[in-house]
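Peer 1: from the sequence below, what's the structure:
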Amino acid sequence: MAASSDGIKDRRVLRLAAEIAEETRDRNVPTLLLGLEEILSSVPVGSKELGRIKNDIWTYDLLQVLVLVLKQDFGRLPGGWPIAARLATLLSHCCAGLDPKESQEFYGLCLPEAVENVLMLARKLQAKYLNMDESAEASRNKILDNFRTVLEALSYLFSSHVFLTTYVLRSPRLLQLLITDNVETALSTMTLVQNVVRVNTNVMTTVDEKVIYSVMDELIYKLSSSIEVDIGSATTRCLLTICEAHPPMIALLCSRYKGLRPLLSKWTGKGFGKDLKNLLMLLEAGSAQRAEMERLHRAAITIQSMWKSFRTRRQLRNADRAFAKLQRSFRSRKEVIERRRDLERQQADLQHQLLLARKKAVRASRQKQLELLSILPASEVSTYLSNEQDQAAVKVQTYWRGFKARKDLTHRQRKMKRIRAAVTVQRQVRRFLARLDARKKEPPAFQRPPGLTDERRVELQQHILEWRENHPTKLKTRSEQEEVHIKAQELIQRHVMTSRLTRKKYQHRQALLARLETDCDLLLNAPKLQDVSEKDVELYSSKSVPVITKARMNHLEEMRRLKQPWWKKLGDEYQDSQYEEEPDLF
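Peer 2: Model prediction:
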């Protein structure tokens, strides 16, 4: 095919085409074709320049040469089978995204021939791998890697041009690749079949039934005869993919392979139970429609089970929260009751102690009165008793009058509150009525407000003139303004001079406040006396002599107060105690 003069041609492609055309030995052509890898990798993927280079490759017949080269026996060529794998990958990359003007030749001849040659190359690699001695493990692994690379290139090729899946599935080379007892190559071939079905879900309808029967027979044979777990898993997955893409295949499996379901039981517990279960469900359904209905039924059951489990978990979670809340409220209520009982017990003990102290005081008072009566002459006893009765009567009257006055005060307060409320209500009502009267006196909104009369205008003008005469504008001279400026500068200098002292005082106040807050936190977080350690004593000790002195004075004063008799303690509740002796400070 002659190169067209339209567009800009890549000189590297032209140079490579010239070298291949001048080469007389066919065994050197594959090595020259590898130069296309560098040309394609130098251009960003998806760019227009890459498409132009691929068109140049097609225009200069390099793609046709690349397809024909794959037919050679690479075992006799320099570089061997790795070059063949690289050329297959290069062919798939060159064909991907290529849409030349001569579409009939490209799509009708070149691409199908490329698929056939790639499958032929894969078959050669498979045969080479199977014929090699098992002791040469490194060489076998390299051949297996090349075989997988070729199949990946084929998958990439028919992924770019979907119609090629029909040629792949129709080719006898695919069946030859599939008919093998080798595990590694069989797994790669079945992966290729799955990719074909996934890329084009309608490919089964475009292929003859004999081809489908041949592929299915081989898959079922592998499933029944092989004992390898990988083969069973791959075969099950492949059958499942075909049935999902082509639902009529389910009926074919049920009618053509009637003993398939008992045969699948031997793969139970081999590690691919999910795919095996799905395949068994499809076989039990017997038809695509019933399989779809069962799938929807299982999906509904799954959704219902998920919803019921979610609802149950939510109920259990709410129940746990409710139980926790109930227990928390019960414990808090129990603590409140116990605290109340302790408080009542303490109050009862305190009242009992006060009652005993009061009885003791009354007994001592009466004992004192008896002692006084025994000292007094007989003629003054009646006078003393009458005075005591008068004092008791006065005290009773005092308590009664105080109780009555407090009772009347409560009544008067309620009465004054009602009076104030009535006054407030009357005030608000009067304000509301006044607003209504003012609103009635206002002119309607549709009437224009009356303007100023001539007399009112003259009167206002007279007021303005009088205010201007009484309040003339004060204008300062240049010297007065300079004096004001000098005074402002002096004030600013004085402020700058005193700001440092003010700032120090402010920092001192902030430090004192921080110290007070720290002391408050220490006092609030103080431990109990039974939990005090030496570290806590050092923490709450002060290094200041005035503070130590004041604390010692307060401590001695409190200890002295505790040593006083009870009747002096009762007097402390109503008046300040004056101690006769001063405590020793040091």
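Peer 1: so how many other residues sit close to the nearest residue to Met281 once chain neighbours are set aside?
Peer 2: Once flanking residues are discounted, Met281 sits nearest to Glu294: 6.2 Å by C-beta to C-beta, 6 or more residues apart in numbering. In short, each C-beta sits where N, CA and C put it, glycine included. By other C-beta atoms under 10 Å, the residues close to Glu294 number 14.
Peer 1: point out where the stretch 451-586 of the chain drops to low pLDDT.
Peer 2: For the stretch 451-586 of the chain, applying pLDDT under 70 flags the ranges 451, 566-586.
Peer 1: kindly recompute the last result at 80.
Peer 2: Filtered on pLDDT under 80, the stretch 451-586 of the chain yields the residue ranges 451-452, 472-476, 519, 523, 529-530, 536-544, 547, 565-586.
Peer 1: show me where it has its helices.
Peer 2: Remark: helices assigned in the stretch 451-586 of the chain by DSSP state H, counting those that start in this stretch are 454-470, 478-524, 534-539, 545-563, 566-572.
Peer 1: so which of the ones you listed is nearest Val211?
Peer 2: With C-beta to C-beta as the criterion, Val211 lies closest to helix 478-524 of the helices of the stretch 451-586 of the chain, at 88.4 Å.
Peer 1: what distance separates the closest one from the centre of its chain?
Peer 2: Computed by C-alpha atoms, centre = their mean, to the nearest Å, the chain-centroid distance of helix 478-524 equals 49 Å.
Peer 1: swap in stretch 158-174?
Peer 2: That offset, for stretch 158-174, works out to 48 Å (C-alpha atoms, centre = their mean).
Peer 1: how about that stretch: buried residues?
Peer 2: Neighbour-count burial for stretch 158-174 flags 158-161, 164-171, 173-174 (criterion: 16 or more other C-beta atoms under 10 Å).
Peer 1: average pLDDT across that stretch?
Peer 2: For stretch 158-174, mean pLDDT is 84.
Peer 1: list the contacts of it.
Peer 2: Under the criterion C-beta atoms under 8 Å, 6 or more residues apart in numbering, residues 92, 95-97, 107, 111-112, 115-116, 119-120, 122-123, 154, 157, 189, 192-193, 195-196, 199-200, 203-204, 206-208, 211, 215 lie in contact with stretch 158-174.
Peer 1: endpoints of that stretch, how far apart?
Peer 2: Using C-alpha to C-alpha, to the nearest Å, the end-to-end distance of stretch 158-174 comes out at 14 Å.
Peer 1: please apply the same query to stretch 38-55.
Peer 2: First-to-last distance for stretch 38-55 - C-alpha to C-alpha - comes to 16 Å.
Peer 1: got a list of contacts for that stretch?
Peer 2: Under C-beta under 8 Å, 6+ apart, the answer for stretch 38-55 is Gly7, Ile8, Asp10, Arg12, Val13, Leu16, Leu90, His93, Cys94, Gly97, Leu98, Pro100.
Peer 1: of those, buried ones?
Peer 2: In the contacts of stretch 38-55, burial by neighbour count holds for Asp10, Val13, Leu16, Leu90, His93, Cys94, Leu98, Pro100, counting by 16+ other C-beta under 10 Å.
Peer 1: hmm, the second one is touching Asp61, no?
Peer 2: No - with the criterion set as C-beta atoms under 8 Å, Val13 and Asp61 do not qualify as a contacting pair; they are 11.0 Å apart.
Peer 1: Tyr399 is nearest to which of the helices of the stretch 451-586 of the chain?
Peer 2: Tyr399 lies closest, by C-beta to C-beta, to one member of these: helix 566-572, at 19.1 Å.
Peer 1: which residue lies farthest from the center of the chain?
Peer 2: Residue farthest from the centre of the chain, counting by C-alpha atoms, centre = their mean, is Ser379 at 99.6 Å.
Peer 1: and it, helix, strand or coil?
Peer 2: helix (DSSP: H, G, I helix; E, B strand; the rest coil).
Peer 1: mind checking pLDDT for it?
Peer 2: Ser379 carries a pLDDT value of 79.
Peer 1: now do the one 3 residues further on
Peer 2: Reading off the per-residue confidence, Ser382 sits at a pLDDT of 83.
Peer 1: now swap in Leu219 and tell me
Peer 2: 81.
Peer 1: by residue count, tell me the biggest helix in this structure.
Peer 2: Ranked by number of residues, the top helix in the chain under DSSP state H is helix 288-375.
Peer 1: thinking again about what came up before, and the contacts of stretch 158-174, which are buried?
Peer 2: 92, 95, 111-112, 115-116, 119, 122-123, 154, 157, 189, 192-193, 195-196, 199-200, 203-204, 207, 211, 215.
Peer 1: now, among the contacts of stretch 38-55, which is nearest to Ser135?
Peer 2: Of the contacts of stretch 38-55, the one sitting nearest to Ser135 (C-beta to C-beta) turns out to be Leu90, at 32.8 Å.
Peer 1: chain center to the helix or strand harbouring the closest one: distance?
Peer 2: In this structure, Leu90 sits in helix 81-95 according to DSSP states H and E. With C-alpha atoms, centre = their mean as the basis, helix 81-95 stands 48 Å off its chain's centre.
Peer 1: list the helices and strands that helix packs on?
Peer 2: Helix 81-95 sits against helix 29-33, helix 35-41, helix 48-59, helix 62-69, helix 111-131, helix 137-160, with contacts defined as 3 or more C-beta pairs under 8 Å, 6 or more residues apart in numbering; DSSP states H and E.
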